[in-house]
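Chemist: coordinates only, sequence not included:
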């Protein structure tokens, strides 16, 4: 029901339904992820989004979307070392998933750009360069990766 209320535009009711679902099934990491996403995007509340994403990875440590969101929130808070840890875990999770199913290459490219940006922010230019190059290997015309790589050279 949380998703239904979300799609008809009732974010408060959506939140209530997601919270009810989690109270009934405290291991439903998909609903927890949706709740984190709702807090982050619809309520502009990264603190609560962060808490829900942490709950997701406490149940499913290789949940790459939640790990990526934790990395993004950490980057937005200028916690680049923390962001690197979460983004590295998300990348490993994506690599693991790609061995058993198809992974969206666009998501991999975005992940590499986020990682490169985090490494650049802590002064690890060579590692940042490697991640921008990984992004370009998958998407040779990616303007962001090309531009950022040119700035590093």
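Modeler: Sure, I can see it. Predicted, not measured: the structure shown is a model, and the values here were computed from it. Numbers count the residues shown, from 1 in each chain.
Chemist: which pLDDT value belongs to residue 99?
Modeler: On pLDDT, residue 99 comes in at 68.
Chemist: same question, residue 68
Modeler: Reading off the confidence values, residue 68 has pLDDT 96.
Chemist: so what's the most centrally placed residue in the chain up against?
Modeler: Centroid-nearest residue in the chain, with C-alpha atoms, centre = their mean: residue 68, separated by 2.1 Å. Contacts for residue 68 (C-beta atoms under 8 Å, 6 or more residues apart in numbering) come out as 86-87, 90, 111, 114. Backbone N, C-alpha and C define where each C-beta goes, glycine included.
Chemist: ok, 6 Å please
Modeler: Shown in contact with residue 68 (C-beta atoms under 6 Å, 6 or more residues apart in numbering): residue 90.
Chemist: neighbouring contacts of the host helix or strand of residue 85?
Modeler: Residue 85 is located in helix 80-98, with elements delineated by DSSP states H and E. Residues outside helix 80-98 that contact it (C-beta under 6 Å, 6+ apart): 62, 64, 67-68, 70-71, 74-75, 103, 108, 111, 114-115, 118, 121-122.
Chemist: min pLDDT across those, which one?
Modeler: pLDDT across the contacts of helix 80-98 is lowest for residue 103, at 78.
Chemist: about what we covered before: on the three-state scheme, the residue nearest to the centre of the chain is what?
Modeler: Under DSSP: H, G, I helix; E, B strand; the rest coil, the three-state class of residue 68 is helix.
Chemist: start at 49, not 1
Modeler: Shifting the count to begin at 49 puts that one at residue 116.
Chemist: how much space between it and residue 180?
Modeler: 17 Å (C-beta to C-beta, to the nearest Å).
Chemist: the closest residue to residue 118 other than its chain neighbours: how many residues sit nearby?
Modeler: Nearest non-adjacent residue to residue 118, counting by C-beta to C-beta, 6 or more residues apart in numbering: residue 134, 4.3 Å away. Residues near residue 134, counting by other C-beta atoms under 10 Å, number 25.
Chemist: and the gap between the closest residue in space to residue 170 that isn't next to it in sequence and residue 137?
Modeler: Once flanking residues are discounted, residue 170 sits nearest to residue 128: 4.8 Å by C-beta to C-beta, 6+ apart. The gap separating residue 128 from residue 137 is 15 Å, by C-beta to C-beta.
Chemist: residue 119 too?
Modeler: Using C-beta to C-beta, residue 119 is found at 8 Å from residue 137.
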